[in-house]
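[1] Got a sequence here, can you build the structure:
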Amino acid sequence: HRSAGDDGDFPCQCSHRLVSPYFDWPLLRLAVTISHARTTECCRVSMLRLLSDQERVIYDRVCTYIDEHATPALRREAELGEYIFGGVESRRFIRGFAANGWLVPHWPAAYGGLGATAALSYSSREAMSRAGIPHSFCAAHMAGDVLIKYGSPYLREQFLARIARGEIEFAVGYSEPGAGSDMLALRMKAEDCGDHYLVNGQKVFNTHAHQAEYHWLAVRTDSEAPNHKALSILLVDLDSPGVTIRPMITIAGSRTNEVFYVDVRVPKARLVGEPNKGFTYILGQLARERLFPPGQHLRHFDSIVHTVRALPDPAGFRQRLAQSKIELEASRLLYERCATLMDQGKDPDLESSLQKLFMSDCAQKMSRLGLDVSGGAGFGPPREGEEVNSVTKQLANVVLTIYGGASEIQKNIIAQRGMGLPRSR
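    Predicted coordinates for the structure are as follows:
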């Protein structure tokens with residue numbers, strides 16, 4: 001972020017500099033420019049400075065609890081499982097953590113939250129990410145806000161309190177064979193059978209499915225309507241008769257899943273919101289799924305710095321380390337901007353795509369740096385304090401560019417919603 005008067009001004013009058021005059025990455029320039037159009041908050045204001053005195057006390061307690069309960073076993077499970085929630089260690093941890101209302105502090109107290117700000121919620125999630133423990137909760141951080149806004153009283157009563165206590169988890173059921181990041185190409189069908197839907201079809205890349213209790217499932221409920229008016233969201237028990245979950249192993253060795261539905265009966269009471277309005281709910285969920293706390297990558301950065309310091313001639317890596325640190329900081333600011341927008345009552349649909357695209361690109365470049373620093377040792381055992389080696393981290397960060405919508409999709413969203421360009425053909 002450069003101050004006014006520098007070559008290539010940004011629309012903000014901050015006097016500090018995050019980027020040197022020689023740094024001219026178009027994506028960062030675009031992200032800062034578009035993001036400033038959505039809020040007047042100066043980007044140097046961190047989320048912690050947005051917290052009230054009471055929220056700062058809560059945040060300090062959150063960090064203390066993490067320090068005291070983030071065991072090596074939990075960190076190992078998290079890194080091997082790509083930081084998603086659902087494993088044995090993470091469920092053990094979250095029971096005590098969520099009992100204080102810290103899992104969803106921005107939710108109303110009636111639903112198990114603290115009635116606090118999104119800034120507190122996302123600050124806490126970033127602290128979890130920095131500690132190397134699970135921080136990706138589909139039900140709590142992605143779908144829950146949509147359920148509060150659009151769910152029926154029955155669904156709120158059945159799910160929200162259990163989500164807030166960390167007792168249950170959802171898996172997102174969007175992608176299908178031939179319909180990866182394109183939500184409007186989904187074909188899984190839910191037939192209206194009176195008091196229930198009969199669901200048939202297949203989903204792929206459903207990462208939480210083998211550890212979750214419920215499926216946040218996108219289905220077609222109108223075969224005649226335009227695509228964006230034909231989708232609905234169902235909440236399905238993943239142990240329902242007719243549901244089969246099979247593993248799919250990524251290039252990084254982590255597990256995702258394909259899920260098959262054969263004549264699965266889903267009560268109509270499990271319909272989220274209104275029928276055929278599911279595309280709106282999908283957009284709301286994705287705006288939250290695409291927010292990637294940069295803490296785990298800051299942790300990786302610190303590990304790389306530690307290794308570089310032990311090299312006989314570290315000078316060759318200094319510029320790349322500085323560049324990575326700049327980009328990590330920029331990503332953190334974009335992440336914080338999204339929380340600020342939510343506290344202003346706005347969905348960060350555009351900004352979350354900016355942050356997701358920027359963070360995943362930054363993570364890939366940093367993991368390549370880590371691999372270069374490690375040399376041949378990157379193919380061997382992990383460094384002290386890490387669970388996977390540099391090669392696996394690099395492969396995992398390739399996968400990161402696909403989760404939550406591929407980078408190409410994010411670029412289309414930015415072009416259309418942020419720059420007013422026409423849809424690609």
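[2] contacting residues for Thr207?
    Glu82, Ile84, Ala171, Val172, Arg255, Thr256, Asn257, Tyr403 (CB atoms under 8 Å, 6 or more residues apart in numbering). In short, each C-beta sits where N, CA and C put it, glycine included.
[3] Okay, helices next: where are they in the stretch 101-250 of the chain?
    For the stretch 101-250 of the chain, the helices defined by DSSP state H, counting those that start in this stretch cover 118-130, 144-150, 153-155, 161-164.
[4] can you redo these as TSV with mean pLDDT?
    Below are those laid out as TSV (pLDDT from 0 to 100):
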stretch	mean pLDDT
helix 118-130	94
helix 144-150	95
helix 153-155	97
helix 161-164	97
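[5] nearest to Asp195, of those helices?
    Among the helices of the stretch 101-250 of the chain, the nearest to Asp195 by CB to CB is helix 153-155 (13.8 Å).
[6] buried ones in that closest one?
    Going by neighbour count (16 or more other CB atoms under 10 Å), the buried part of helix 153-155 is Leu155.
[7] Which two of the contacts of Thr207 have the greatest separation?
    Spanning the widest gap among the contacts of Thr207 are Val172 and Arg255, at 15.0 Å by CB to CB.
[8] Of these two, give the one with the bigger neighbour count.
    Shown here are Val172 and Arg255; by other CB atoms under 10 Å, Val172 has more neighbours (26 against 16).
[9] Would you mind giving both backbone torsions of Pro267?
    The phi/psi pair for Pro267 (degrees, to the nearest 10) reads phi -60, psi 140.
[10] Quick check: bridge partners of it?
    Using DSSP bridges, the bridge partners assigned to Pro267 are His196.
[11] any idea how far Asp237 is from it?
    Pro267 sits at a distance of 10 Å from Asp237 (criterion: CB to CB, to the nearest Å).
[12] same deal with Pro72?
    34 Å.
[13] Where does the prediction get shaky in the chain?
    Counting by pLDDT under 70, the chain shows low-confidence ranges at 1-47, 181, 383-385, 424-425.
[14] of the helices of the stretch 101-250 of the chain, which approaches Pro422 most closely?
    That would be helix 144-150 among the helices of the stretch 101-250 of the chain, by CB to CB, at 28.7 Å.
[15] just checking, what packs against the closest one?
    strand 271-272, helix 278-289 (3 or more CB pairs under 8 Å, 6 or more residues apart in numbering; DSSP states H and E).
[16] Name the residues of that helix that are buried.
    Of the residues in helix 144-150, those buried (16+ other CB under 10 Å) are Gly144, Asp145, Val146, Leu147, Ile148, Tyr150.
[17] Run through the residues that contact the closest residue in space to Gly178 that isn't next to it in sequence.
    Distances taken as CB to CB, 6 or more residues apart in numbering place Ala185 nearest to Gly178, at 6.9 Å, with adjacent residues excluded. For Ala185, the contact set (CB under 8 Å, 6+ apart) comprises Glu176, Gly178, Ala179, Asn227.
[18] Show me what the third one bridges to in the sheet.
    Pointing back at Ala179 there. Counting by DSSP bridges, Ala179 forms beta bridges with Glu176.
[19] Please report how far it lies from Ala218.
    According to CB to CB, Ala179 stands 10 Å off from Ala218.
[20] what touches both of those two?
    With CB under 8 Å, 6+ apart as the test, Ala179 and Ala218 both reach Leu186.
[21] sorry, back to before: between the helices of the stretch 101-250 of the chain, which one is closest to Gly194.
    Nearest of the helices of the stretch 101-250 of the chain to Gly194, taken as CB to CB: helix 153-155 at 17.7 Å.
[22] sorry, back to before: which one of Pro72 and Asp237 is surrounded by more residues?
    Remark: of Pro72 and Asp237, Asp237 carries more neighbours, 14 against 11, as counted by other CB under 10 Å.
[23] Spatially nearest residue to the more buried one (excluding sequence neighbours)?
    Tyr214 (6.2 Å).
[24] Tally up the residues packed near that neighbour, please.
    The burial count for Tyr214: 26, using other CB under 10 Å.
[25] is it true that Tyr261 lies in a strand?
    Yes: counting by DSSP: H, G, I helix; E, B strand; the rest coil, Tyr261 is found in a strand.
[26] Break down this protein into its strands, ranges please.
    In the chain, the strands defined using DSSP state E lie at 170-173, 189-192, 196-203, 214-220, 231-237, 243-249, 255-267, 271-272.
[27] so how many other residues sit close to Ala225?
    The burial count for Ala225: 12, using other CB under 10 Å.
[28] I'd say it and Gly278 touch.
    No: Ala225 is not in contact with Gly278 according to CB atoms under 8 Å; the separation is 11.4 Å.
[29] Overlap of the contact sets of these two?
    Residues touching both Ala225 and Gly278 by CB under 8 Å, 6+ apart: none at all.
[30] Dump the helices and strands packed on helix 144-150 to TSV, plus mean neighbour count.
    Listed next are the helices and strands packed on helix 144-150 as TSV, based on neighbours: other CB atoms under 10 Å:
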stretch	mean neighbour count
strand 271-272	22
helix 278-289	22
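[31] export the ones you listed to a markdown table and tack on distance to Gln355?
    Converted to a markdown table, those look like this (distance: least, CB to CB, whole Å):
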| stretch | distance to Gln355 |
| --- | --- |
| strand 271-272 | 25 |
| helix 278-289 | 10 |
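[32] wait, which of those is closest to Ser136?
    Across the helices and strands packed on helix 144-150, Ser136 has its closest neighbour in helix 278-289 (8.6 Å, CB to CB).
[33] Just checking the distance from that closest one to the centre of its chain.
    Distance, stretch centre to chain centre, for helix 278-289: 12 Å (CA atoms, centre = their mean, to the nearest Å).
[34] which other residues reach it?
    Helix 278-289 has contacts (CB under 8 Å, 6+ apart) with 138, 141-143, 145-146, 149-150, 172, 174, 183-184, 216, 218-219, 221, 227-229, 231-233, 272-273, 347-349, 352, 404-405.
[35] Same question for stretch 157-167.
    With CB under 8 Å, 6+ apart as the criterion, stretch 157-167 contacts 85, 91, 94-95, 97-99, 101, 103-104, 107, 111-113, 139-140, 144, 147-148, 151, 168, 214, 235.
[36] Show me which of those are buried.
    By neighbour count, with 16+ other CB under 10 Å, these hold 85, 94, 97-98, 101, 103-104, 107, 111-113, 139-140, 144, 147-148, 151, 214, 235 as buried.
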